[in-house]
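# Here is my input, please return the structure:
(chains A and B)
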Amino acid sequence: MANALHIVACAGIVPDPLQTLEPTLAPTGPAIRNEMVLPAMLDPWAACALYEAASLIAKNPGEPQNPSKLWLVSLTPKAKLQQVMMTVAQKLSFELVPIDGPIGGFTDAHSTAAILAETIAALPGLDRGKLLLFGGWESANRGAGVTLQLIGERLGITDQFQGVDQIELRDDGPFEVLERVEGGRHQVSVCAGPPAVLGWATGNLPEPRNNPQIGMDNMRTIMPVLQKAKTAALDTNSLRYVSATLPAQQRTTRVVKDMHPEAIAQEIVEWIGKDS
Amino acid sequence: MESVLILTHADETGAALTKPSLEAISAGLELSTRLGVSIAIGVVAPGPIALPKSLPCAVVAVSGEAFAQPRYATDAAACEALCRAQKPSIVLAPASSRFTRVMAGVAHRLGGVIDTHITAIRGHAGIEASRWLYRQRIEAVITRDARPWFLLLDAGTHAAFTADPSAPAVTIEKIHVDLPALRTTVTGIETPKQDALTIRPDAKLLFVAGAGWTKKQPDGQVRAQEAGELILGFLRASGASLGSSKSLVDQGEGQGGNSVLPFLTHMNQVGQTGATPRHPKGLAACCHGEEPHVIGWRFIAERRAISLDPNCGWTRGKADVVYIADAFRVMAKVNELLAARSQS
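The predicted structure is shown next:
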């Protein structure tokens, strides 16, 4: 396929899921205690979007004078992003566009979208007619699932897809998208071509293996842009948290040992049959 | 003074509202009664629709063949037109895949704000909404002064509206929509390539299979095929919905993307990187019950687990009952009992 693609993937960072999260009250509102020092990772669904973007670029490299390009735009504290990039940068080639901003899921999605849209619109060399805006369909911290749509609206993109598991480009420009819908099914759509917004679910690709050579090539450009990252403050858009608490989730667990499998099966079948 | 608009849409038949839409109507009626404010219902449907009788409010609708397909450009234009016609300060809508796709864009077009995954709405003087953050690990109550404020309600959090059959049919006011140029066509719905649909949102029971099914069993053998037969047999006999851990779904990726248990897809994933379904009961087998999995169980009321490990995560206050046993033997017997029960 000769048509070059310009893919912009948006991704934040989130705490490693095995970490204990404890909400606390900071001067700016609720926050996660010690979130800046918790081990972090690229947001899982956004990471899937990034892997799919790299795969799409590899299949559609464009032409030497007009190559396909992949940008990774991230609004997150740059010190934390640098740590995460040590791993992510080894997996695939991209151009990082960092914005130094607050960490955490308690920020307002509208403000985040405004800053991201402004940054994307100003990307040097970006052809909006070739733009595919990628990201996770929800983040693992705020989990609102609205940031991409808001960026898309700000950029004037009215072909949007959420919960995407597959994209297939056709030679003449259109592409087919599979979106998750209710009941474990996919809705199949055909779009005339870029620009479009795709909020990815899991996709179909495994996590790429680390390649130190790619990592070294990426880090040559990543370190300078991290140092020069612009700082962004987020407006609350009148969002106020009345409370942010851990759920009272502890149950009194009955641990059943030394019961014969037949007796267990009988108990389970009776439990299934009871009206809850 | 607040005013409430409930946005709803037709189901796949095009002739009736979806269940989540009826749940949003219940939530909206309760909110408007509590606040003593006006309320209206907006409907997106391809044609004439059978609305529940006894709706105590105005109903506005957009209709036309373009709205038969759930698609961003048309659905956003429809919802925008309904909102501009009613000028509400609060918009409630179900968090269906159709409305989740478009509602943030609609809020932006109207200069409003949106919050999603709302599980409850409370407050008398003001409006406070509950939602979860960090993948169901922190529960927050939020409020906003900005209007219009769009709230997407998670399915299963409110009772569905039930009509009074003796009431007169409601009158619907049609709203005109100027559609943009359409570049997207919905060509169909694809169901997973497997012999049976394993994801059943309305099932009373969620059955979660963990990676333990495909590991070496006490006899030293891997019995993945037998595991698959037991799991599918249980789903058929019980009508349960199937969930899985990411590790189990991912296991087959080196073999061309097919899981070791071929009927599992990423759509079955429950937990940190998957769904957080709402079923009254959940049964986990061969799943270690650590936090990334249990996040997916946040809204499961009654929880039981079968595990060989007496120190697994489920025993630490995360399940009601944990059976320390061989899931292969237990589930084989469960299937036998369920089969005998269905024959009697």
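# Residue for residue, what is the longest strand chain A has?
strand A:160-169 (DSSP state E).
# who touches that one?
A:1, A:52, A:56, A:59-60, A:137, A:145, A:148-149, A:152, A:175-181, A:186, A:189, A:191, A:196-204, B:72, B:97, B:100-102, B:105, B:266-267 (C-beta atoms under 8 Å, 6 or more residues apart in numbering or on different chains). The C-beta positions use only the backbone N, C-alpha and C, and glycine is treated the same way.
# Chain A contacts on the stretch 1-150 of chain B?
Within the stretch 1-150 of chain B, the positions adjacent to chain A are B:70-73, B:76, B:96-98, B:100-105, B:107-109, B:113-117, B:128, B:132-135, B:137-146 by C-beta under 8 Å from any C-beta of the partner chain.
# Pull the number of nearby residues for residue B:125.
6 (other C-beta atoms under 10 Å in any protein chain shown).
# coming back round to it: could you identify the buried members of the contacts of strand A:160-169?
A:52, A:56, A:60, A:137, A:145, A:148-149, A:152, A:175, A:177-181, A:186, A:189, A:191, A:196-203, B:72, B:97, B:100-102, B:105, B:266-267 (16 or more other C-beta atoms under 10 Å in any protein chain shown).
# Convert the lowest-mean-pLDDT helix or strand in chain B to CSV, retaining C-alpha atoms only.
Here the helix or strand of chain B ranked lowest by mean pLDDT, DSSP states H and E is helix B:291-294, holding a mean of 78. This file holds the C-alpha atoms of helix B:291-294, laid out as CSV (Å, rounded to 0.1, in the frame of the first residue of the first chain):
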residue,chain,number,x,y,z
GLU,B,291,-6.1,-8.3,42.8
PRO,B,292,-5.9,-7.9,39.0
HIS,B,293,-8.5,-10.7,38.7
VAL,B,294,-10.6,-9.7,41.6
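# Now stretch B:73-82 - C-alpha only, CSV.
What follows is stretch B:73-82, C-alpha atoms only, in CSV (Å, rounded to 0.1, in the frame of the first residue of the first chain):
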residue,chain,number,x,y,z
ALA,B,73,-21.5,10.6,12.9
THR,B,74,-25.3,9.8,12.8
ASP,B,75,-25.7,9.0,16.5
ALA,B,76,-23.8,12.1,17.6
ALA,B,77,-25.9,14.3,15.3
ALA,B,78,-29.1,12.7,16.7
CYS,B,79,-28.2,13.1,20.3
GLU,B,80,-27.0,16.7,19.7
ALA,B,81,-30.3,17.5,18.0
LEU,B,82,-32.3,16.0,20.9
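# contact partners of it?
By C-beta under 8 Å, 6+ apart, stretch B:73-82 touches A:158-159, B:5, B:7, B:9, B:42, B:44, B:60-62, B:66-67, B:93, B:98-99, B:101-103, B:105-106, B:109-110, B:175-180, B:182-184.
# Residue of chain B nearest chain A, please.
residue B:199 (2.8 Å; C-beta to the nearest C-beta).
# Which ones among the buried ones among the contacts of strand A:160-169 map onto helices?
Those of these mapping onto helices are A:52, A:56, A:148, A:149, A:152, B:72, B:97, B:100, B:101, B:102, B:105, per DSSP state H.
# what pLDDT does residue B:14 get?
According to the prediction, residue B:14 has pLDDT 93.
# I'd assumed residue B:49 was in contact with it.
Yes: the pair residue B:14 and residue B:49 qualifies as a contact (C-beta atoms under 8 Å) at a distance of 7.3 Å.
# neighbour count winner among the two?
Neighbours per residue, other C-beta under 10 Å: of residue B:14 and residue B:49, the larger number sits with residue B:49, 21 against 16.
# Now do the same contact list for that one.
Contacts of residue B:49 (C-beta under 8 Å, 6+ apart): B:10, B:14, B:15, B:16, B:17, B:43, B:61, B:63.
# Which pLDDT does the model give the fifth one?
According to the per-residue confidence, residue B:17 scores 95 in pLDDT.
# and if you look at the last one?
You'll see residue B:63 listed with a pLDDT of 95.
# buried sites along the longest strand of chain A?
A:160, A:161, A:162, A:163, A:164, A:165, A:166, A:167, A:169.
# Rebuild those as CSV, extending it with pLDDT.
Output for the buried residues of strand A:160-169, formatted as CSV (pLDDT from 0 to 100):
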residue, pLDDT
A:160, 98
A:161, 98
A:162, 98
A:163, 96
A:164, 97
A:165, 95
A:166, 96
A:167, 97
A:169, 95
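# ok, and the closest non-adjacent residue to residue A:140?
Leaving out its chain neighbours, the residue that sits closest to residue A:140 by C-beta to C-beta, 6 or more residues apart in numbering or on different chains is residue A:14, at 4.3 Å.
# tell me which residues form a beta bridge with that neighbour?
residue A:41 (DSSP bridges).
# Could you give the number of residues near it?
Residues near residue A:14, counting by other C-beta under 10 Å: 30.
# tell me which element the residue nearest the centre of chain B falls in.
For chain B, the residue nearest the mean C-alpha position is residue B:155 (5.1 Å; C-alpha atoms, centre = their mean). Using DSSP states H and E, residue B:155 maps to neither a helix nor a strand.
# tell me the contacts of it?
B:19, B:20, B:23, B:94, B:95, B:96, B:201, B:278.
# What about those, which are in helices?
Reading helices off the contacts of residue B:155 with DSSP H, I get B:19, B:20, B:23.
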